[in-house]
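Enquirer: below: sequence and its predicted model.
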Amino acid sequence: MILRNIYKFVILLFISVYFILSDQNCGKKERSTLYWNQRYETLPREELEQLQLERLKMTIERSFYSVPHYRSVMQEAGMGPEDINCLEDLQKLPFTTKEDLRNNYPYGMFAVPLSEIVRIHSSSGTTGKPTVVGYTRNDINNWAELMARALVSGGAKKNDIIHNAYGYGLFTGGLGIHYGAERLGASVIPISGGNTKRQIMIMCDYGSTVLTCTPSYALYISEMVEEMGLDPKKDLKLRCGVLGAEPWSENMRLEIEKRLDISAVDIYGISEVIGPGVAVECSCKKGLHVMEDHFIVEVIDPDTGEIIPEGEEGELVFTSLTKEGLPILRYRTRDIASVDYEPCPCGRTHIRMSRVSGRTDDMLVIRGVNVFPSQIESVLLEVGYTEPHYLLVVDREDNLDILTVWVELSSKSFASDEVRKLEELGAKIRGEIEAALGLSVKVKLVEPKTIERSEGKAKRVIDNRKL
Amino acid sequence: MKINQISVFLENKSGRLAAVTRILSENKVNIRALSIADTSDFGILRLIVDQPKLAFDVLKNEGFSVSPTEVIGVEMPDEPGGLSGVLKILESNGFNIEYLYAFIGKGENGALVILRIEKAEEAIQCLEENGIKVLMGEKLYQL
Ligand SMILES: [Zn+2]
């Protein structure tokens, strides 16, 4: 009897020690659950840099011989693949911009024939043409690997039910997460966006444990949960969230974590580089580990192009190291962040980037969709009913981002003084903008000359979101 | 026979209507009738003034979206059923009224109503054939 009690006690002791350890896995090596790919995620810096150099040489050689654009810009810069002998030599390479991708629309930047491409995604462009990205089978494999790492880094495990509310389609979010979740071996619910009440019902009934979506949608879900009279602690089984595709703040994280009773990490990625999974936070939540065995990150002064000292903010520039379909060399993301080389208590050796704090251009991210003011300008000019003066006002109502486009009504388009005609005009402009952006907007007609004019760069955006 | 009306686009924010009336009074333009059609976002102010051309120019110079529109003024007996008699005539003859509002002053023989109507010329003819008095613009501006 006594023996049996001691036995029970020992088991209890083991269980509690296990929980204490796993609760503080920041700093402790809980190998089975901390990493997806321990070898590469914790590769000693020296080995990692050696690997980066080998892969960089290969990427540059392949780009030079297979992509006419890269060959010509390298030749113009008076260099070739043989000039890359150390990682610093990367700085000899010219930058690649979104403009370059657009000039080679749609497939000009691909390094393999289309027969090797198994997937095509695209993202919105500043004007007219989107940018097109292609993946080979190996690219899709690597991307799934990176996303599996990212999900594990956010706390997901093989037994989880992953509720993937990122949009599926041309946008890389939905499918990117999906493949990572399958690679991890979790059960993925490909719910995509929209119909929030149904999403919550499914979360309750199917027992979703991991939520993947934009932070603003996560907040919106939490509000709807409250509205439906549900208690996240009792009615939901959510444990963690891997949230990204738009900028958010520490306060917003705390709010989401409290309301949904989860642990939430930030994930970063842009489609030109690969999609989600370029960088992700670990359980320490002090910056996002850049997947350095697949990408090199640089931080530059957006005006001079010079490399910026460690820890200071600048524009993020990425170079892919393993991509076959669309190798990308020194791609200027326009995202502003800094990079931290300090070793992380989690044991990963990959450097950490800060949260993206802003953009070098005036791009807005609204519900995960990139919006450039110039896109709206070109629609207004095309439609021609209004003055080309406009203002974009972004508000966060009930945790949902609302974009309102203010346009000045010209005397010309005020020929009819009927309310109905003006409402039709507003609806027509709205329809055109929505078709161009793939995003629902509001249109507000305002009096002429009421939108502020400025001598230099016009102020086109008022962002009222409290991040 | 048609009357020149001035329509002004206004945002739904305080002070805009006051701005219009101030500009008009500064230019000695007298408002004879006015109506506002508004939605949650914007409003359309419709004015009959004694000097339509001047009113149009000064408002436009002040940066308002202004449009000159033509309406008709109809006199009707100031008694129950007066308006409905007029509307019935127009309706049965297939004229579509876009909007209407009452005139502040009174006509010689009854109430005055401003109508915005498609095919105004034909509507005037139709009304007169049915014994309804349609007012001249010049006369109305001075009422
Ligand atoms: Zn870490």
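Expert: It's in. Numbers count the residues shown, from 1 in each chain, chains lettered A, B, ... in the order given.
Enquirer: residue numbers of chain B in contact with chain A?
Expert: Residues of chain B that fall close to chain A, judged by C-beta under 8 Å from any C-beta of the partner chain: B:5, B:7, B:9-11, B:16, B:37-39, B:41-42, B:44, B:46, B:60, B:63-67, B:69, B:98-99, B:116. Placement of C-beta: from N, CA and C, glycine included.
Enquirer: of those, which ones also sit close to the ion?
Expert: When the residues of chain B next to chain A are checked against the ion using C-beta under 5 Å from the ion, none falls in range.
Enquirer: inside strands: which ones of these?
Expert: Mapping the residues of chain B next to chain A onto strands (DSSP state E) picks out B:5, B:7, B:9-11, B:37-38, B:42, B:44, B:46, B:66-67, B:69, B:98-99, B:116.
Enquirer: in the stretch 301-450 of chain A, which spans are helices?
Expert: Using DSSP state H, counting those that start in this stretch, the helices of the stretch 301-450 of chain A run over residues A:373-383, A:419-437.
Enquirer: weakest of these by average pLDDT?
Expert: Mean pLDDT is lowest for helix A:373-383 out of these, coming in at a mean of 78.
Enquirer: flag every buried residue along that helix.
Expert: A:373-380, A:383 (16 or more other C-beta atoms under 10 Å in any protein chain shown).
Enquirer: equivalent analysis for stretch A:69-79, please.
Expert: The neighbour-count check on stretch A:69-79 (16+ other C-beta under 10 Å) flags A:69-70, A:73-74, A:79 as buried.
Enquirer: on that earlier part again, now the helices of the stretch 301-450 of chain A in CSV, with distance to residue A:310?
Expert: What follows is the helices of the stretch 301-450 of chain A, written out as CSV (distance: least, C-beta to C-beta, whole Å):
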stretch, distance to residue A:310
helix A:373-383, 33
helix A:419-437, 37
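Enquirer: quick check: residues of chain A near chain B?
Expert: Residues of chain A that fall close to chain B, judged by C-beta under 8 Å from any C-beta: A:409-411, A:414-419, A:422-423, A:426, A:444-450.
Enquirer: at 10 Å what do you get?
Expert: Those residues of chain A that sit near chain B, judged by C-beta under 10 Å from any C-beta of the partner chain, are A:387, A:404, A:406, A:408-423, A:426, A:442-450.
Enquirer: any chance of a PyMOL selection covering the buried ones in the residues you listed?
Expert: Only the buried entries of these go into this PyMOL selection, using 16+ other C-beta under 10 Å:
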select buried, chain A and resi 387+404+406+408+409+410+413+414+416+417+419+422+426+443+444+445+446+447+448
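Enquirer: so how far is residue B:59 from residue A:100?
Expert: Going from residue A:100 to residue B:59 by C-beta to C-beta, to the nearest Å gives 50 Å.
Enquirer: by proximity to the ion, which residue of chain B wins?
Expert: Taking C-beta to the ion, the ion has its nearest neighbour within chain B at residue B:41, 48.9 Å off.
Enquirer: for that residue, give me its contacts.
Expert: By C-beta atoms under 10 Å, 6 or more residues apart in numbering or on different chains, the contact set of residue B:41 is A:404, A:422-423, A:426, A:442-446, B:11-12.
Enquirer: which one of the residues you listed sits closest to the ion?
Expert: Nearest to the ion out of those is residue A:404 (C-beta to the ion; 39.4 Å).
Enquirer: quick check: pLDDT value at the closest one.
Expert: Model confidence at residue A:404, given as pLDDT, is 94.
Enquirer: now do the contacts for residue A:315.
Expert: Residue A:315 sits next to A:95, A:298-303, A:305, A:308, A:332-337, A:359-360 when contact means C-beta under 10 Å, 6+ apart.
Enquirer: most centrally placed residue in the chain?
Expert: No chain in the question, so chain A it is. Chain A has residue A:245 as the residue nearest its centroid, 3.3 Å off, counting by C-alpha atoms, centre = their mean.
Enquirer: actually chain B
Expert: residue B:114 (4.6 Å).
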